[in-house]
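Novice: Starting from these lines, generate the structure:
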Amino acid sequence: MSGAGAPQANLKRKETKKLKLAIVAASWHTQIMDGLLDGALRAATDAGIKKPTVVRVPGTFELPVAAAHLVEEYDAVVALGVVIRGGTPHFDYVCEAATQGLTKVAVESKTPVGFGVLTCDNEQQGIDRAGLSGSQEDKGYEATAAALETVVALRNI
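Specialist: Modelled structure (predicted):
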């Protein structure tokens, strides 16, 4: 299950099964986060990665600092979170901080960081993208596949 226009994952076990993968996941919005994490773990399994490291942090704002720590020891890191718009500018600040922070970690470390952060107007949008039964998309799977495929692409340069 992928979104419209999303590329089909091409997880080649020969090239991915020995990769060290870390998944850092926020804790807010349990149902959505459980779906995202399940999708990420399914992608790891499809890639032949038996035991990815999973680290839970309080929220999406904490993802960049955890990812920055993890890129030192892992071939790829996947960041999973969800931010749901409320009535204050908090949504904008957290989304911008997570996006810029994770981008900075990836570029400065030269380590792929899968971006599995959902930025939603309401909870239903998160559920629709979390890879749950009846979801339209599986963003946890997609973010993990993207990070692993990027490792392979960079190694083939």
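
Novice: Helices of this protein, start to end?
Specialist: 13-16, 30-46, 63-70, 90-109, 123-129, 139-155 (DSSP state H).

Novice: how about the nearest residue to the most centrally placed residue in the chain, chain neighbours excluded?
Specialist: With the centre of the chain defined as its mean C-alpha position, the nearest residue by CA atoms, centre = their mean is G116, 3.1 Å away. Of all residues not flanking G116 in the chain, A143 sits nearest, at 3.2 Å (CB to CB, 6 or more residues apart in numbering). Where you see a C-beta, it was placed from the backbone N, CA and C, and this is true even at glycine.

Novice: is it true that that neighbour touches V113?
Specialist: No. In this structure, A143 is not within contact of V113 by CB atoms under 8 Å, at 9.0 Å.

Novice: Mind listing the shared neighbours of those two?
Specialist: 78-79 (CB atoms under 8 Å, 6 or more residues apart in numbering).

Novice: out of these two, which sits in the more crowded spot?
Specialist: Neighbour count, other CB atoms under 10 Å: between A143 and V113, V113 has more, with 30 against 24.

Novice: could you measure the more buried one against P52, distance?
Specialist: 14 Å (CB to CB, to the nearest Å).

Novice: With V117 instead?
Specialist: V117 is 18 Å from P52, by CB to CB.

Novice: who does the helix or strand of the chain with the lowest mean pLDDT touch, helix- and strand-wise?
Specialist: In the chain, no helix or strand scores lower on mean pLDDT, DSSP states H and E than helix 13-16, which sits at a mean of 81. Contacts defined by 3 or more CB pairs under 8 Å, 6 or more residues apart in numbering; DSSP states H and E place helix 13-16 against helix 139-155.

Novice: Any stretches of the protein with poor pLDDT?
Specialist: Within the chain, the segments meeting pLDDT under 70 span 1-7, 13.

Novice: End to end on stretch 57-77, go ahead and measure it.
Specialist: 14 Å (CA to CA, to the nearest Å).

Novice: picking up where we left off before, what's near enough to touch the residue nearest to G116?
Specialist: 40, 78-80, 114-116.

Novice: And the furthest pair within those?
Specialist: A40 and F115 (11.8 Å; CB to CB).

Novice: Just want to know which of those two has more residues nearby.
Specialist: Taking other CB under 10 Å, A40 and F115 do not tie; A40 has more neighbours (31 against 20).
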